[in-house]
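Engineer: Pasting the sequence and the predicted model now:
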Amino acid sequence: MTQALHIFRKDLRHQRIDLAIYIALLIVTELLVPTGWPGHWFSNEFLPWLRILLNIVVPAFWLVMIARLVHEEAIVGNRQFWTTRPYHWTSLLGAKLLFLLVCIALPYFVMQWCLALYAGVSPFGIGFLVSAAMHVLIVWIPMFLFACLTPTLASTFFTTLGGVVVWMGVVAFLLGGSGPEADAPFARPTLGTLFAIMFVALLVVVYRKRDYKLGRILMGCTAVVFLLLIFSVSKLSPSSPGTLLLKARYREGAAPQLHLNYVPGYFKGHRGQDSSWLIAVSVPVELLGLPDGDRLHNAAVQYHLEAGTYRYTSPWRPTALTSEGMTLRIPREVLNRVRQADAHLTMSLAAEQITPNQPQTTAIRDRFAIPGDGSCDAINPPYETSRSSATTVVCHFAYGVPYPVEIDATMAPGCPVPMVPMQVPTYDGGTGFDPMTHWPIRAGLAHLPGAGSNCIVQSLTTTVYHPVMSFRTSLDIPSIRLSDYAGS
Amino acid sequence: MTSDAAIQTHQLTMRFGKHVALAPLDLTIPRGSVYALAGHNGAGKTTLLKVLLNVLHPTSGSATILNTPATQLDSSIFTRVGYVAEGQEMPEWMTVREFMNYLQPFYPTWDEGTLLHDLDLPEDRRISELSRGMRMKLALASVLAFRPELILMDEPFSGLDPLVRDELTRTLIDRLAADDGTPPTVLISTHDLAEIEPFATHAAMLHNGHLMFAEPLYGLLDRFREITVTLSDAAPTKHNYPREWMCTESSGAMVRFVHPHGSSASLEDEVRNALPSTRTIETTSIGLREIFLAVTRTQRSAA
């Protein structure tokens, strides 16, 4: 520990100018990011460009700092002075990771915390931990490893750049134009843990053995494993590890009161949104047993179709259960083959049941907190001194919204009431600079004849959902003609 | 089990692809010795040192340093082993003083005393601004300061002016006299054999990865002799001299060569058998440098 601190202090002295520049960049970022928030009026046309520039410069500077940090006691090569000095590999690795944490991660998170506090939101929640873990696993540790396995700053830069380009190309190639077929948020902690273990093993190999050639091979293997897992999870084919994860998380029979019911001919012809090769077909299936007000979250479906000798089993794909039925996304080619046939359809639905908390009404003020750890600002345009139909209410949430939040507006008497409450979509944080999600709410409606005054939102009613359980349930439909529901 | 050997190798082999950098090598370096390791460029000296220090991993065979297998050297062994090498990377941004201060906590036995002063090193100058000679002096100072049991030096005098060489040599010799009477073991790979000869106790030579000899210096200097043979008639222009004779030259009635067993009692018989018209045989002692040249030239001409 003493040696690690000694090396850390040396690195701190070595990179004090880098650190000063980095902090200056973060301060500029801190000042510029809010200018892009909804409801902020800035006339300077260069500000958006500056924000984009900072989005490039800051990560590039991370790479520079990390490369200089690692190359100070380089792994690659056989002329480094430190290899014949009494360095404990644990102290060296510990010192480098401490620098990463204290001098790169901490200032960055402090910048994000300041932004959150500026928006009136506490940044310290589970969302921050998720975002921090994603930064570490997706950005900083890979950069660190690239620096470990290359001898110079230039080679680190170009290897990282090349790695990112190849990575994106391979991912695009593997996932195809359709992108991931099902999101598997439940898989993230598992994958995150798995890759944290792999990265730790890589760092140990690289620092303990100082064997950069083996490190390069292992890093390549890790990338391949990572790609295969991404492919497997995103495609969620019936026999993939992703499906196993899904089945482990969403257990069959966990909610016996919930079951699917086929209502033939109950409704027909509704069309969901098609993609280039997937046709959305709403089959007349309803979910029985769901209490009033409860909803499904992260719903995915897998189905098996049999028509004569033709059989097709889908991967797990996102679905929606509405009053119009359940949406099945069927490949165009498959649909063409079974469209007119009496098909045997079996389906399995996996979803989370979420239930609303007690709605809470909050009167509009300049700044006010809402349930779900959100904060809202009533922002008047520069030409208005008081609230008017042009006032915007912007609600902020830090790092992410794991479960949906519904916001309903209450208008002044005589004004039209918005029919559908605004829903803040779920968002689970990421590696963006701005830790906030912003949801503008139109606070006023245009002056209406007979209303007597501008129609201004007076209060917001917020409903936060929380999870009840995850479940999986199945349905067997011996005979269905999909052409009845697939439209023309 | 402890050994009197500071370094021991057994069938140590290093290959880079098809190139054999070290042929199976058996070498024992006794504690307290000053071991000169000679060899032409590319002979395998640097590779040997790096394998000993676990910077490179051997293809096969084994080596021990201070009774620790070279492949298992951990940080603690480097509090007892110092390494000085030409071209070694150092933290260029540090000043001389900062570098020494930085290293000090790593070593419980650190005692730099007046080393920087003795070596005339400017404490406030950045390492990046030091000349080649000053860098080497700093590297040596940073090693001598912790009084290692074993010092490995790779071409420490290469490209240095005579004054710096003298300073380095003097400092090294001064520090070899340890307070407790157990002088460190020093292994120096160098071309500058004349510089090392006055204080070396042993010498070894590598040629294309093969060990030509490794023995105490006094024995080496005793057995390698330059032999000048005067003949009663002109020396034969084409003659199959004995294979042991190295760098054989003939001029008029005189034949000169280096003999690896020049102090042997059987030398005269051997010469008279090979050159029946021998009138006189004169043997002269030669230095390490001449021995090195003779062996290298012989090996090259044999190849």
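Structural biologist: Received, thanks. Numbers count the residues shown, from 1 in each chain, chains lettered A, B, ... in the order given.
Engineer: Least confident secondary structure element in the chain?
Structural biologist: In the absence of a named chain, chain A is used. Lowest by mean pLDDT, DSSP states H and E among the helices and strands of chain A is strand A:444-445, with a mean of 56.
Engineer: To clarify, I was referring to chain B.
Structural biologist: Lowest mean among helices/strands of chain B [mean pLDDT, DSSP H and E]: helix B:162-176, a mean of 80.
Engineer: how about the residues of chain B near chain A?
Structural biologist: B:50, B:53, B:55-57, B:74-79, B:81-83, B:85, B:87-91, B:93, B:102-103, B:105-107, B:139 (CB under 8 Å from any CB of the partner chain). (Glycine included, C-beta is placed from N, CA and C.)
Engineer: Keep only those of these that are in strands.
Structural biologist: B:81, B:82, B:83, B:85 (DSSP state E).
Engineer: JSON lines for those residues, including neighbour count?
Structural biologist: Output for those, formatted as JSON lines (neighbours: other CB atoms under 10 Å in any protein chain shown):
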{"residue": "B:81", "neighbour count": "26"}
{"residue": "B:82", "neighbour count": "25"}
{"residue": "B:83", "neighbour count": "24"}
{"residue": "B:85", "neighbour count": "24"}
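Engineer: Could you export those residues as CSV, including distance to residue B:15 and pLDDT?
Structural biologist: As requested, those are arranged in CSV below (distance: CB to CB, whole Å; pLDDT from 0 to 100):
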residue, distance to residue B:15, pLDDT
B:81, 25, 94
B:82, 28, 93
B:83, 23, 94
B:85, 22, 90
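Engineer: what's the neighbour count on the residue nearest to residue A:322 when sequence neighbours are not counted?
Structural biologist: Once flanking residues are discounted, residue A:322 sits nearest to residue A:282: 7.9 Å by CB to CB, 6 or more residues apart in numbering or on different chains. When neighbours are counted by other CB atoms under 10 Å in any protein chain shown, residue A:282 registers 23.
Engineer: which residues of the stretch 101-250 of chain A fall in helices?
Structural biologist: Assigned by DSSP state H, counting those that start in this stretch, the helices in the stretch 101-250 of chain A fall at A:106-118, A:126-134, A:141-148, A:153-175, A:187-204, A:212-235, A:241-249.
Engineer: Between the ones you listed, which has the poorest mean confidence score?
Structural biologist: Ranked by mean pLDDT, the helices of the stretch 101-250 of chain A end with helix A:241-249 at the bottom, a mean of 77.
Engineer: residues of that one that come out buried?
Structural biologist: For helix A:241-249, the neighbour count (16 or more other CB atoms under 10 Å in any protein chain shown) marks A:241, A:242, A:243, A:245, A:246, A:249 as buried.
Engineer: Could you do stretch A:76-89 as well?
Structural biologist: A:76, A:80, A:81, A:82, A:83, A:84, A:85, A:86, A:87, A:88, A:89.
Engineer: and chain B, which of those reach it?
Structural biologist: Counting by CB under 8 Å from any CB, A:80, A:81, A:83, A:84, A:85, A:86, A:87, A:88, A:89 from the buried residues of stretch A:76-89 sit close to chain B.
Engineer: Relative to residue B:78, how far out is the last one?
Structural biologist: Spelled out, that is residue A:89. 12 Å (CB to CB, to the nearest Å).
Engineer: How about the fourth one?
Structural biologist: Using CB to CB, residue A:84 is found at 6 Å from residue B:78.
Engineer: what do you get for residue A:398?
Structural biologist: Residue A:398 is 48 Å from residue B:78, where distance means CB to CB.
Engineer: rewinding a little: check which helix or strand covers the residue nearest to residue A:322.
Structural biologist: Residue A:282 is located in strand A:278-283, with elements delineated by DSSP states H and E.
Engineer: Can I get that strand in PDB? Just the C-alpha atoms.
Structural biologist: The C-alpha coordinates for strand A:278-283 follow below in PDB (Å, rounded to 0.1, in the frame of the first residue of the first chain):
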ATOM      1  CA  LEU A 278     -40.100  -8.000 -39.500                       C
ATOM      2  CA  ILE A 279     -43.900  -7.600 -39.800                       C
ATOM      3  CA  ALA A 280     -45.700  -6.700 -36.700                       C
ATOM      4  CA  VAL A 281     -48.800  -8.800 -36.300                       C
ATOM      5  CA  SER A 282     -51.300  -8.300 -33.400                       C
ATOM      6  CA  VAL A 283     -52.700 -11.600 -32.500                       C
END
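Engineer: which neighbours does the next helix or strand after it have in its sheet, and in what orientation?
Structural biologist: Downstream of strand A:278-283, the first helix or strand assigned by DSSP H and E is strand A:285-288. Sheet pairing of strand A:285-288 (DSSP bridges) gives strand A:259-262 (antiparallel).
Engineer: I'd like the average pLDDT over the partner strand.
Structural biologist: Mean predicted lDDT for strand A:259-262 stands at 90.
Engineer: Provide the contact partners of it at residue level.
Structural biologist: A:283-289, A:326, A:347, A:349, A:473-475, A:477, A:480 (CB atoms under 8 Å, 6 or more residues apart in numbering or on different chains).
Engineer: Tell me the most packed of those residues, by neighbour count.
Structural biologist: residue A:283 leads those on contacts (other CB under 10 Å) with 28 neighbours.
Engineer: Go ahead and confirm that residue touches residue A:483.
Structural biologist: No. Residue A:283 is beyond contact range of residue A:483, at 11.7 Å (criterion: CB atoms under 8 Å).
Engineer: Alpha carbons only: can I get stretch A:140-147 in PDB?
Structural biologist: Output of stretch A:140-147 as PDB, limited to C-alpha atoms (Å, rounded to 0.1, in the frame of the first residue of the first chain):
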ATOM      1  CA  TRP A 140     -11.600   3.300 -19.000                       C
ATOM      2  CA  ILE A 141     -10.500  -0.300 -18.500                       C
ATOM      3  CA  PRO A 142     -10.400  -1.100 -22.200                       C
ATOM      4  CA  MET A 143      -8.400   2.100 -22.700                       C
ATOM      5  CA  PHE A 144      -6.100   1.000 -19.900                       C
ATOM      6  CA  LEU A 145      -5.600  -2.400 -21.500                       C
ATOM      7  CA  PHE A 146      -4.900  -0.900 -24.900                       C
ATOM      8  CA  ALA A 147      -2.300   1.300 -23.300                       C
END
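Engineer: Would you mind pulling the contact partners of it?
Structural biologist: Here stretch A:140-147 has contacts from A:62-63, A:66-67, A:69-71, A:96, A:100, A:104-105, A:156, A:159-160, A:163, A:199, A:202-203, A:206, A:215, A:219, using CB under 8 Å, 6+ apart.
Engineer: Pull out the buried residues from the residues you listed.
Structural biologist: Using 16+ other CB under 10 Å, the buried ones in these are A:62-63, A:66-67, A:69-71, A:96, A:100, A:104-105, A:156, A:160, A:163, A:199, A:202-203, A:206, A:215, A:219.
Engineer: still on that earlier bit, what's the angle from the least confident helix or strand of chain B to strand B:81-85?
Structural biologist: Angle, helix B:162-176 to strand B:81-85, by axes from the mean of the first three to the mean of the last three CA atoms, to 10 degrees: 170 degrees.
Engineer: Only the buried residues of stretch B:288-298, if you could.
Structural biologist: Residues of stretch B:288-298 classed as buried by neighbour count (16+ other CB under 10 Å): B:288, B:289, B:290, B:291, B:292, B:293, B:294, B:295, B:296, B:298.
Engineer: State the mean pLDDT of that stretch.
Structural biologist: The pLDDT scores in stretch B:288-298 average 87.
Engineer: Nearest to chain A: which residue in the stretch 101-250 of chain B?
Structural biologist: residue B:106 (4.9 Å; CB to the nearest CB).
Engineer: my guess is that residue contacts residue A:3, does it?
Structural biologist: Yes. Using CB under 8 Å, residue B:106 is in contact with residue A:3, at 7.2 Å.
Engineer: shared neighbours of these two, anything?
Structural biologist: In contact with both residue B:106 and residue A:3: residue A:87, using CB under 8 Å, 6+ apart.
Engineer: pLDDT averaged over the longest helix anywhere in chain A - what is it?
Structural biologist: For chain A, the helix with the greatest residue count under DSSP state H is helix A:46-72. Per-residue pLDDT over helix A:46-72 has a mean of 92.
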